[in-house]
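Colleague: Model the following, please.
(chains A and B)
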Amino acid sequence: MDQALAGVPVLSLITFLPLAVAVVVMLVPRERPRLIHQVATWGSLLTFVVSVLPLLAWDFTDGGFQFVETHAWIPSLGVQYKLGVDGVSMLLVVLTTLLTFISLLSSWSAIESRVKEYCVYFLLLEVGMLGVFVALDLFLFYVFWEVMLVPMYFIIGIWGGPRRIYAAVKFFLYTLAGSVLMLIGIIALYFYSGQVLGERTFDIVRLHELGALTADWSWAFWVFMALFVGFAIKVPMFPFHTWLPDAHVEAPTAGSVILAGVLLKMGTYGFFRLSVPIFPVETARNLPWLLGLCMVGVIYGALVAFAQQDWKKLVAYSSVSHLGITMAGLFALNIAGVKGSVLQMINHGISSGALFLIVGIVYERRHTRLISEYGGLARVMPVFAVFFMVMMLSSAGLPLLNGFVGELTILAGLSQVGGAVYSFFGASPLWWTVLGATGVVLGAAYLLLLYQRTMFGEVTNRKNENLPDMSWRERWTLIPLVALAVWIGVYPWTFFAYLEAPVRRLVDEQVVPALEQAELDVLLPEGTDVATGSAARLPDEPAEAPAASHAGRTDAGGRPAADAH
Amino acid sequence: MLTYLWLIPLAPLAGFLLVGGLGMAGRLREPWVQRLAVAASAASFVLAVAAIVDFAGGLDDERALAAAQPDRYEVSAAGEPARFEITPLRWMPIGDVTLRGWDGQGVRRAAFGVNWTFALDTLTAVMLLVVTGIGTLIHIYSIGYMAGEQGQHRFFAYLNLFMAMMLTLVLAGNLAVLFVGWEGVGLCSYLLIGYYYRQVFDKESGLTCADAGRKAFITNRIGDFGFLLGMLLLLLSFGTWDFSELAAAINGSSAYWYGSVLLTGIGVLLFFGATGKSAQVPLYVWLPDAMAGPTPVSALIHAATMVTAGVYMLARMSALYWHSPGAMFVVAVVGCLTAVLAATMGMAQYDIKKVLAYSTVSQLGYMMLGAGVGAFVAAIFHLVTHAFFKACLFLGSGSVIARCGHTNDMRLYGGLKRWMPTTYWTFLVSTLAIAGLFPLSGFMSKDEILARTLFSFRGSAVLWLFGTLAAVMTSFYMFRAVYMTFHGENRSPDHVREHLRESPPVMTGVLVVLAIGAAGVGLLGVPEGVSRLVGLGNVNWFEHVLHPVVAARGVVAGSAEAHGGEHGAAPAGEAGHGEHAAAQAGASHGEAAPPGGYLVEGMHHPSVAAEAGLFVLAFVVFLTGFLLARWAYGGPEPRAEALAPRLAYLRRLLHRKWFVDELYDRLVIRPYYAVADFFAAVDQRIVDGAVNLSAATAELSGQVLKLFGTGIVRHYALWFMAGAVLIAWMMMR
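Modeller: As a prediction, this is how the structure comes out:
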């Protein structure tokens, strides 16, 4: 850690700075909505600036947690106020502060009623989100997790569209059901830690030690499932995704941006931080159907998105598709897959957030989300057309933009999986890659169709004839995201640098040893010599009975067949 | 200069940003849009020439540099074909990968990352000159063609972006960078096809320009899906995407890899990507519709450069294809099939650009056929000659279209020779070239491909026969276009005819330069057979320069008989070639394989009589097509029209392109829409329905329980009693 930040509780500062801003906002007279917007926006910009500081003082060699703050909170229960970040959570923190700033900036003209409450709720939401990413104590984690839910509920329920109450209640109850299951899982872990670690603890770092032990725990599957459902709802993974389109459609633009950009990352982050490191063996045992759900998400999400008539719903379903591949990368349980998965979390926050901003810009002008109401906008709003094009391509995974880097890294990771645990009804694990790669085609199909239907052709609807192009404020909400998309696309090294050490820690120190101990066959490199594995096959040995794959025929001469493990 | 190799694609990229950015902001007047874009393109040409001159002067300085900075520079070893690589920037640190041991070296972990690597060898040099040279010419031509159009900054910016992407593609030092260019040119193609995004392109089917662009992008993406899988399989097998490392790995254990299922699978997958990009069966359907773009775009992207990327990729991966005869056979058959099929479609089109588009598909088929039979040099040579004559043809058609009231319909042309002499003569020269008249360029390259198809160990007489048939059709449909456009009576509407005149010099000048190229560039690669006929030694300069890069390397020991038939070095009827290969390998290509090896690229050396026969046959082919077209379309009253009723079915079949588009519509597109709608309904009714059902169930159970929670103590007592009685009854039972 850098000397400059030594001794400063920088994470607490970042987390609670929005709360201070909220207090200031409350002091501004209600009659001056513009000032309220400005205070909240510039306050959130300040939070963003502060949140970048730890990145500058980063120790890249440390795979563990940095800037740790520990204070006793409820000693009798072993609850601590413990904060800390690794590269993964730090990048998500910065993504959160950036997207919050952008969201508040985008709300200046969209939110005109009850501005003060809106800004306060938004800043409280930011506190909750940041808290989830920096908390190192499960109790604290859960508190923040729930704190986040309430402001979002109000943001959808008060400033949302016509069916906002239905959507808000559905969002609240659905995710609450998930968090209750998660809470049960957390409590189970708490008591289990008492059994095997000697003391009951909520400390996430300590709980990671359980990773090597949960293989023998008779309740492991059920606790894993409790956490799984809690996080899967949040991600959302198929079939727990149906709250998402409703919430997105009804939420105000800024709410959708945060929902897609950050809230969904809570689920993926939960898997990264808790499920996989604490239950590596359980994860591995359940891989076939876990990956199956991911792939259903990729293909099903893309197909359903293709059929949507509602612009926002289409983008919402694209999230289901993109998060399917993101989760698949994580479940590949190897360096490339996990690294790509985390980067794709950031990428999805950028692309999806930007796409929702883009819908919001036209929604503010026309107050409709129906794709058929638009058409020919490229002539009326040329600048808008360019921004939309770039972000559409970023979402479609075009090289030189962020989505491609994430997807390719994930696919590279996914193609490595090869052990028996990945086999689905005897099919070769290589099929996972094939299924995952279909997203390349399917994603382009619905995105290009959306772009064409809204932007190309003649202006068919006379109401669109005189729409004003983007204002400078609106441009500035998108410029940072476009810049990031290009940056990650061309030189992702900057971001991968933060991910390298924590991902290695997860894979090499937590997952792989546990799996080796449990003698699970997930294709490990030579020398690991897993009893049931094929890793130790001699090179000259002819391939025998390879599973079906696209080139999986055995050559008589013992030459390499595509799936000769 | 070589150390600034990466500036070559950056120059047009800067042009794109400047022209696009300033143009969108409205800060750039029309002439400056054009000047900046042309300057950016010309800059890349100058940089490319400088780099190639430097490259040709030897790599000694660079070798010293590479020794000092091995991370940044790499130079091929002495004795290897010259190759210079530079890595200015890191890109994706993908991390450790687990190699499956398919290369026979055991399962192992390898560090894997991808960098921005650019490389130059003679193959890249040829492509660089074609892309920057013809690209710059077409930029200049566009000044004239686009005069008066609104929003030119978009056109020129995209054109510059295309140059940047295409140059990235040809300069790529690894597959990932190639893929960037590969997808990037696809994007530019999409943007430029949809340039007239408000217009309808095909009135018969109601296809808009935007539809055509999307069709191109999606079709290419389908191909890229296969390409990506091929890349991933390469990664799993070799742990690298670097071209030189891949080639070294394959050539290094040649016997191990030869004919392997894995390489064949990879080869076919990569080629599937190429069928998208280079418009081969089954993914060619986007190219004819790509004619919705402005004509200079059709010339640059959909004829001269982008669509040839697949051929370039095959040549770049030649080490892999040499080692998988099965994949090469697929390439050859698909290429031959495409050449014939597209030629038949081209014979029945009335849209001049569609004639040229199908012609392009057909010529790309020839290139694939060449690559598939191992004539990589001939394929690349045909790429170069085709770039000249097809660019000239397209730009000529653009010159006609611009003067004839922006219609593509040849039925509204006729007799234009009178008004547009320069366009006519350049068009004619290029037509003679593509039809294969000796000694124009098309003869040199196409004849070489056909000769190789017949005589190469991996070729076959059947493929040759079909290729020759397609050549007859080529000659026919091209002269048909010439007759319909430039000869006979003018059929334009009066208001158009009154204003008919030659295009401005900025356009005709480019046409003349390209026509000279179309006529003369063939002399760079006179086929060996032809030069022997006229009593010269081998003067094939092109072969001399390129052959080392794409030559078959590595040695496969073993019995030729055992493998010749098994691995399908030739189609079934030609199985005997394997034995010839073994027998002649030592004699003809001693450096490629020792006696007994079967990784050879030699060919049966035909007798002088056979070569003379082929030479005459080529002329007969040319003449047949020409005379047929003259007979049918040359007279004052085209006989074709008189014949039409009798051949109505055939004509309809060809005009509607064998109904392939309709077939795809029924088999792929409509089902896709239906499936998407189905799942959308499932999502709403069933998946979300279950959620709402559980909510409703919860509410209902609450309502039912509410009936019991009356708050009246006597009711509770009653229920308590009832429960007690029930339990008592159960216990006593």
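Colleague: Could you use CA atoms for every contact and neighbour count after this?
Modeller: Fine.
Colleague: Need the phi and psi values for the closest residue to B:Gly537 other than its chain neighbours.
Modeller: Nearest residue to B:Gly537, sequence neighbours excluded (Cα to Cα, 6 or more residues apart in numbering or on different chains): B:Ser531, at 6.4 Å. Main-chain dihedrals, B:Ser531, degrees, to the nearest 10: phi -70, psi -30.
Colleague: Name the SS class of the residue in the stretch 451-565 of chain A that chain B sits nearest to, please.
Modeller: Proximity of the stretch 451-565 of chain A to chain B (Cα to the nearest Cα) peaks at A:Gly457, 4.0 Å away. Going by DSSP: H, G, I helix; E, B strand; the rest coil, the secondary structure assigned to A:Gly457 is coil.
Colleague: The one 10 residues further on now?
Modeller: Under three-state DSSP, A:Leu467 falls in the coil class.
Colleague: What distance do you get for the closest residue to it other than its chain neighbours to A:Tyr363?
Modeller: Distances taken as Cα to Cα, 6+ apart place A:Val380 nearest to A:Leu467, at 6.5 Å, with adjacent residues excluded. According to Cα to Cα, to the nearest Å, A:Val380 and A:Tyr363 sit 15 Å apart.
Colleague: How about the stretch 51-200 of chain B: which residue is closest to chain A?
Modeller: B:Arg198 (4.0 Å).
Colleague: Now do the contacts for that residue.
Modeller: Neighbour list for B:Arg198: A:376, A:456-458, B:208-210 [criterion: Cα atoms under 8 Å, 6 or more residues apart in numbering or on different chains].
Colleague: just to revisit the earlier point, where does the closest residue to the residue of the stretch 451-565 of chain A closest to chain B other than its chain neighbours fall, phi/psi-wise?
Modeller: Excluding its sequence neighbours, the residue lying closest to A:Gly457 (Cα to Cα, 6+ apart) is B:Arg198, at 4.0 Å. Main-chain dihedrals, B:Arg198, degrees, to the nearest 10: phi -100, psi 0.
Colleague: and if you look at the one 10 residues further on?
Modeller: The phi and psi values for B:Thr208, taken as degrees, to the nearest 10, are phi -90, psi 170.
Colleague: Near residue 213, how many other residues are there?
Modeller: Chain wasn't specified; assuming chain A. A:Leu213 has 19 neighbours, counted by other Cα atoms under 10 Å in any protein chain shown.
Colleague: um, chain B though
Modeller: Look at B:Gly213: counted by other Cα under 10 Å, it has 31 neighbours.
Colleague: Kindly state the pLDDT recorded for it?
Modeller: Looking at B:Gly213, its pLDDT reads 91.
Colleague: Just checking the helix or strand containing B:Phe225 against chain A, any contact.
Modeller: Here B:Phe225 sits within helix B:209-238, counting by DSSP states H and E. Yes: for helix B:209-238, a contact with chain A is found by Cα under 8 Å from any Cα of the partner chain, at B:210-211, B:214, B:218, B:221-222, B:225, B:228-229, B:232-233, B:235-236.
Colleague: surely B:Ile401 meets B:Thr407?
Modeller: Yes: counting by Cα atoms under 8 Å, B:Ile401 does reach B:Thr407; the two are 5.7 Å apart.
Colleague: Of these two, give the one with the bigger neighbour count.
Modeller: Set B:Ile401 next to B:Thr407 and count neighbours by other Cα under 10 Å: B:Ile401 wins out with 20 against 17.
Colleague: ok, the more buried one - contacts?
Modeller: B:407-408.
Colleague: quick one: pLDDT of it?
Modeller: On pLDDT, B:Ile401 comes in at 91.
Colleague: State the distance from it to B:Trp425.
Modeller: Taking Cα to Cα as the measure, B:Ile401 falls 16 Å from B:Trp425.
Colleague: residue contacts, B:Asp677?
Modeller: A:303-304, A:307.
Colleague: Keep the residues you listed, but drop any that are not near chain B.
Modeller: Among the contacts of B:Asp677, the ones lying near chain B by Cα under 8 Å from any Cα are A:303-304, A:307.
Colleague: What is the nearest of these to B:Arg491?
Modeller: Each of these was checked against B:Arg491 using Cα to Cα; the closest is A:Ala307, at 46.7 Å.
Colleague: so that closest one touches B:Ala676, yeah?
Modeller: Yes: using Cα under 8 Å, A:Ala307 and B:Ala676 qualify as a contacting pair, with a distance of 5.4 Å.
Colleague: A:His74 pairs with what?
Modeller: Residue A:74: Ile, not His. Beta bridges link A:Ile74 to A:Val79, judged by DSSP bridges.
Colleague: Count the neighbours of the residue of the stretch 451-565 of chain A closest to chain B for me.
Modeller: A:Gly457 has 24 nearby residues by other Cα under 10 Å.
Colleague: try the one 3 residues further on
Modeller: Residues within reach of A:Thr460, counting by other Cα under 10 Å, total 14.
Colleague: B:Gly711 too?
Modeller: Neighbourhood size, B:Gly711 [other Cα under 10 Å]: 10.
Colleague: State the phi and psi torsions of it.
Modeller: Phi and psi for B:Gly711, reported as degrees, to the nearest 10, are phi 80, psi 0.
Colleague: Next, work out how far apart it and chain A are.
Modeller: As for B:Gly711, its distance to chain A is 28 Å (criterion: Cα to the nearest Cα, to the nearest Å).
Colleague: and B:Trp425, what is it in contact with?
Modeller: So B:Trp425 contacts nothing (Cα under 8 Å, 6+ apart).
Colleague: Show me what the longest helix seen in chain A is packed against.
Modeller: Assignment by DSSP state H gives helix A:164-197 as the longest helix of chain A. Here helix A:164-197 touches helix A:138-159, helix A:220-234, helix A:243-250, going by 3 or more Cα pairs under 8 Å, 6 or more residues apart in numbering or on different chains; DSSP states H and E.
Colleague: Put together JSON lines for the ones you listed, with mean neighbour count on each row.
Modeller: Shown next, in JSON lines, are those (neighbours: other Cα atoms under 10 Å in any protein chain shown):
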{"stretch": "helix A:138-159", "mean neighbour count": "21"}
{"stretch": "helix A:220-234", "mean neighbour count": "23"}
{"stretch": "helix A:243-250", "mean neighbour count": "25"}
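Colleague: In CSV, list those along with mean pLDDT and distance to chain B.
Modeller: Shown next, in CSV, are these (pLDDT from 0 to 100; distance: least, Cα to the nearest Cα, whole Å):
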stretch, mean pLDDT, distance to chain B
helix A:138-159, 92, 18
helix A:220-234, 93, 12
helix A:243-250, 90, 8
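Colleague: The residue nearest the centre of chain A sits in which helix or strand?
Modeller: Central residue of chain A (Cα atoms, centre = their mean): A:Lys265, 2.8 Å from the mean position. Assigned by DSSP H and E, A:Lys265 falls within helix A:264-270.
Colleague: what comes up buried for that helix?
Modeller: Neighbour-count burial for helix A:264-270 flags A:264-270 (criterion: 16 or more other Cα atoms under 10 Å in any protein chain shown).
Colleague: Span of stretch B:279-288 from start to end?
Modeller: Taking Cα to Cα, stretch B:279-288 runs 9 Å from one end to the other.
Colleague: Averaged pLDDT, it. What do you get?
Modeller: 91.
Colleague: so does that stretch get close to chain A?
Modeller: No: Stretch B:279-288 lies out of reach of chain A by Cα under 8 Å from any Cα, never closer than 13.9 Å.
Colleague: Pull the distance from that stretch to the chain's centre.
Modeller: Its chain's C-alpha centre lies 10 Å from the corresponding centre of stretch B:279-288 when counted by Cα atoms, centre = their mean, to the nearest Å.
Colleague: May I see the buried residues of that stretch?
Modeller: Applying 16+ other Cα under 10 Å to stretch B:279-288 flags B:279-288 as buried.
Colleague: Tell me which entries of those residues lie within helices.
Modeller: Among the buried residues of stretch B:279-288, the members falling in helices (DSSP H) are B:286-288.
Colleague: Nearest to chain A among the residues you listed?
Modeller: When those are compared for distance to chain A (Cα to the nearest Cα), B:Trp286 wins out at 14.7 Å.
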